[in-house]
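[1] Give me a model of this one.
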Amino acid sequence: LNTPPVAHFHFHQQPLFQNRCQLTFQISSKMAEGKKPNIVFIMADQMTGTLLECPNLKIPNIERLRKEGVTFQNCYSNSPLCAPARFSMMAGQLPSRIGSYDNAAEFSSSTPTFGHYLRSQGYSTTLCGKMHFIGADQLHGFEERLTTDIYPADFGWTPDWEKPEERPEWYHNMLSVVQSGKCITSNQLDFDEDVAFSTRRKLLDLSRGADERPFFLFVSLTHPHDPYAISQEYWDRYTDEEIPMPSVPTVPEELDDPHSKRLRHVMAIDQYAMSEERVKRARHAYFGSISYVDDKIGQILDTLETTGMRENTIVYFTSDHGDMLGERNLWYKMNYFEGATRIPMVISAPSSFGLNRGKNVKENVSLMDVLPTLLDLANIRNPGYDFRGELCTEIDGGSLLSYLKTSNEESFVERNRTVLGEYLGEGAIAPLFMIRRGNFKFIHSDPDPDQLFDLDSDPKELNNLARDPKHSEIVKAFAEEVKKRWNSKEIEGKVIQCQRRRRFLHNALMHKYVPWDFQPVKDASTMYVRRHMDLDDIEKRARYPQVPIPLPDNRS
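    Next up, the predicted model:
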């Protein structure tokens with residue numbers, strides 16, 4: 001940010017303001033008529049939306065957001081894998097349109113993202129945490145990035161559709177389940193503690209800085225992504241009796257599908273027995289990890305409120321994809337069953353914005369709706385604004401603002417929208433397409449039998465209606481729609497060619513390897529107390545709220 005140097009101070013990485021009454025200030029509002037709102041976007045990693053209504057789940061801060069905002073109960077990841085889900089969200093486009101096929105596919109610098117659009121509208125744009133960018137560009141519209149990523153930025157995790165019998169050696173296996181349980185710390189905890197600390201410091205800097213621009217702060221945590229390990233504090237939030245076991249631990253052979261079988265091969269599920277004790281332990285750690293994320297959300301909300309910024313800040317919460325957690329003898333993601341692809345989404349705004357609060361929307365929505373929704377939220381005080389006038393490329397998503405503003409109760413239960421999905425990563429041997437509309441979900445991949453589920457009558461997806469002659473016309477209509485929307489063979493060819501190129505490039509680049517991983521740079525010459533800065537001015541600007549420097553008592 002182009003602001004005068006601000007003194008930084010060390011803060012302990014602990015829950016913020018455990019007693020909020022101990023630090024209360026009367027802070028003047030910066031909100032003015034026509035001023036754009038600040039936006040804090042919080043993304044969890046691999047948090048399934050199927051557990052959000054679980055009565056045993058302890059998420060008081062997510063519930064706090066829900067009471068102050070709108071919950072989209074049927075929100076979907078368009079591509080249930082980390083990188084393509086995130087890139088599709090940022091671009092508002094399906095993965096095949098932007099070449100973001102898998103966790104090692106480069107995200108092109110020429111693809112416009114919500115970071116670019118918000119930046120062009122005068123926002124400061126900051127990324128803190130995981131984004132899984134692949135390639136040399138590690139910003140994609142963000143002007144500032146506070147941490148490195150937890151995962152590599154190179155082509156090393158490229159799948160090979162031409163050798164489906166070979167299990168990728170880099171893909172996580174069932175040790176995430178077998179070794180699940182309690183820990184003092186872990187790779188994931190180290191990362192998220194850094195993210196939480198950097199987020200708090202950034203919010204404090206924004207509250208005491210001279211930059212008058214509205215801010216967009218994207219906070220991305222890696223929990224509750226496996227490995228399923230969490231500290232004692234969060235493990236103890238739950239008893240074993242409070243952890244539900246999978247409702248459908250296995251499916252009969254006649255109900256199983258080829259893609260699920262391939263996924264079990266990719267994750268090497270046969271290497272270890274999935275005993276009840278192991279499954280329970282992994283799910284226990286997962287529940288604890290969700291509560292850990294919830295605490296971090298609470299820290300962000302507390303900081304916004306204590307600094308007076310909450311009254312002009314919209315908070316957007318979601319995840320990139322879900323986790324099967326042992327349902328159907330599947331773990332992790334990479335499929336279009338509800339556990340892997342349905343995710344939480346909550347948009348919360350202060351009452352002064354006049355948006356709905358405490359509402360649940362049943363309409364089908366997706367991560368591709370994020371970009372246009374953010375543009376509408378950024379211009380919420382501009383009644384004549386139309387986000388479509390801002391776009392420099394066609395997008396596949398639509399704005400959700402109408403659900404935040406409407407007073408029509410029927411709109412909360414209607415399901416007229418269509419959600420599209422593409423999965424083009426490991427475990428597949430050809431493109432996997434999904435259409436979610438109304439009560440139906442249709443899944444198609446050329447080598448496999450079609451799947452059609454009525455999620456109103458069959459929420460556990462055990463009755464494949466594509467086999468039922470009574471639904472032949474519906475299946476035919478969906479199949480024709482897939483053919484009109486996608487050229488599966490063309491996409492498959494592009495994916496395979498891209499995989500070949502990336503495998504070659506990765507091997508070549510390993511000779512005198514120069515990493516693309518983001519390296520945060522901090523200018524120590526502008527931190528804390530430095531000789532070239534006025535000491536009184538440093539202390540004044542670093543303290544929040546500021547205390548004016550009085551005239552000397554002996555001044556005549």
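[2] which SSE is the closest residue to residue 419 other than its chain neighbours in?
    Of all residues not flanking residue 419 in the chain, residue 436 sits nearest, at 4.1 Å (C-beta to C-beta, 6 or more residues apart in numbering). Any C-beta I mention is one placed from the backbone N, CA and C, and that applies to glycine too. Assigned by DSSP states H and E, residue 436 belongs to strand 432-437.
[3] ditto for residue 125
    Secondary structure assignment for residue 125, by DSSP H and E: strand 124-129.
[4] Can you give the strand pairings for that strand, parallel or anti for each?
    Applying DSSP bridges, strand 124-129 is found paired with strand 144-145 (parallel), strand 215-224 (parallel).
[5] Residue ranges in the stretch 1-150 of the chain under the pLDDT threshold?
    Applying pLDDT under 70 to the stretch 1-150 of the chain picks out residues 1-34.
[6] Tell me where it has strands.
    Counting by DSSP state E, counting those that start in this stretch, one finds strands in the stretch 1-150 of the chain at the ranges 38-45, 69-76, 124-129, 144-145.
[7] Just put those strands in a markdown table and tack on mean neighbour count and distance to residue 487.
    Below are the strands of the stretch 1-150 of the chain laid out as a markdown table (neighbours: other C-beta atoms under 10 Å; distance: least, C-beta to C-beta, whole Å):
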| stretch | mean neighbour count | distance to residue 487 |
| --- | --- | --- |
| strand 38-45 | 24 | 32 |
| strand 69-76 | 23 | 23 |
| strand 124-129 | 25 | 34 |
| strand 144-145 | 18 | 36 |
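[8] circling back to that earlier point, then the strand holding residue 125 to PDB, C-alphas only?
    Provided in PDB are the C-alpha atoms of strand 124-129 (Å, rounded to 0.1, in the frame of the first residue of the first chain):
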ATOM      1  CA  SER A 124      -6.900  -2.100  -2.100                       C
ATOM      2  CA  THR A 125      -6.700  -5.900  -2.600                       C
ATOM      3  CA  THR A 126      -4.900  -8.200  -0.200                       C
ATOM      4  CA  LEU A 127      -4.500 -12.000  -0.200                       C
ATOM      5  CA  CYS A 128      -3.600 -13.800   3.000                       C
ATOM      6  CA  GLY A 129      -3.300 -17.500   3.000                       C
END
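[9] before we move on, back to that, give me the pLDDT value at the residue nearest to residue 419.
    Listed pLDDT for residue 436 reads 98.
[10] Give me the distance between it and residue 338.
    Counting by C-beta to C-beta, to the nearest Å, the gap from residue 436 to residue 338 is 10 Å.
[11] can you check residue 62 too?
    Residue 62 is 19 Å from residue 338, by C-beta to C-beta.
[12] Settle it for me: which of those two has more neighbours?
    Neighbours per residue (other C-beta atoms under 10 Å) separate residue 62 from residue 338, with residue 62 holding more: 25 against 21.
[13] thought that one was touching residue 297?
    Yes - the pair residue 62 / residue 297 is scored as a contact, 6.3 Å apart, by C-beta atoms under 8 Å.
[14] shared neighbours, these two?
    Here residue 62 and residue 297 share the contacting residues residue 317, scored by C-beta atoms under 8 Å, 6 or more residues apart in numbering.
[15] how about the helix or strand where residue 283 lies: buried residues?
    Per DSSP H and E, residue 283 falls inside helix 276-306. Residues of helix 276-306 classed as buried: 278-306 (neighbour count, 16 or more other C-beta atoms under 10 Å).
[16] Name whatever forms a beta bridge with the nearest residue to residue 143 once chain neighbours are set aside.
    Closest residue to residue 143 apart from its sequence neighbours, by C-beta to C-beta, 6+ apart: residue 125 at 5.2 Å. On the basis of DSSP bridges, residue 125 is bridged to residue 216.
[17] Equivalent analysis for residue 346, please.
    Bridge pairing for residue 346 - DSSP bridges - gives residue 71, residue 317.
[18] Just the strands from the stretch 251-400 of the chain, written as ranges.
    Going by DSSP E, counting those that start in this stretch, the stretch 251-400 of the chain shows strands at 313-319, 342-343, 345-348, 359-366.
[19] thinking again about what came up before, give the rounded mean pLDDT of the helix holding residue 283.
    The average pLDDT within helix 276-306 is 98.
[20] tilt between that helix and strand 38-45?
    Relative orientation of helix 276-306 versus strand 38-45 (axes from the mean of the first three to the mean of the last three C-alpha atoms, to 10 degrees): 170 degrees.
[21] where does the helix or strand encompassing residue 501 sit relative to the chain's centre, distance-wise?
    Assigned by DSSP H and E, residue 501 falls within helix 488-509. Distance, stretch centre to chain centre, for helix 488-509: 26 Å (C-alpha atoms, centre = their mean, to the nearest Å).
[22] For it, output the C-alpha coordinates as PDB.
    Listed next in PDB are the C-alpha coordinates belonging to helix 488-509 (Å, rounded to 0.1, in the frame of the first residue of the first chain):
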ATOM      1  CA  SER A 488     -16.300 -33.700 -24.400                       C
ATOM      2  CA  LYS A 489     -13.900 -35.200 -26.900                       C
ATOM      3  CA  GLU A 490     -12.400 -31.800 -27.700                       C
ATOM      4  CA  ILE A 491     -12.000 -30.900 -24.000                       C
ATOM      5  CA  GLU A 492     -10.400 -34.400 -23.300                       C
ATOM      6  CA  GLY A 493      -7.900 -33.800 -26.100                       C
ATOM      7  CA  LYS A 494      -6.900 -30.400 -24.800                       C
ATOM      8  CA  VAL A 495      -6.500 -31.800 -21.200                       C
ATOM      9  CA  ILE A 496      -4.300 -34.600 -22.400                       C
ATOM     10  CA  GLN A 497      -2.200 -32.400 -24.500                       C
ATOM     11  CA  CYS A 498      -1.800 -29.900 -21.600                       C
ATOM     12  CA  GLN A 499      -0.800 -32.800 -19.300                       C
ATOM     13  CA  ARG A 500       1.900 -33.900 -21.700                       C
ATOM     14  CA  ARG A 501       3.400 -30.400 -22.000                       C
ATOM     15  CA  ARG A 502       3.400 -29.900 -18.300                       C
ATOM     16  CA  ARG A 503       5.000 -33.200 -17.500                       C
ATOM     17  CA  PHE A 504       7.800 -32.400 -19.900                       C
ATOM     18  CA  LEU A 505       8.200 -28.900 -18.600                       C
ATOM     19  CA  HIS A 506       8.300 -30.000 -15.000                       C
ATOM     20  CA  ASN A 507      11.000 -32.600 -15.700                       C
ATOM     21  CA  ALA A 508      13.000 -30.000 -17.700                       C
ATOM     22  CA  LEU A 509      12.700 -27.300 -15.000                       C
END
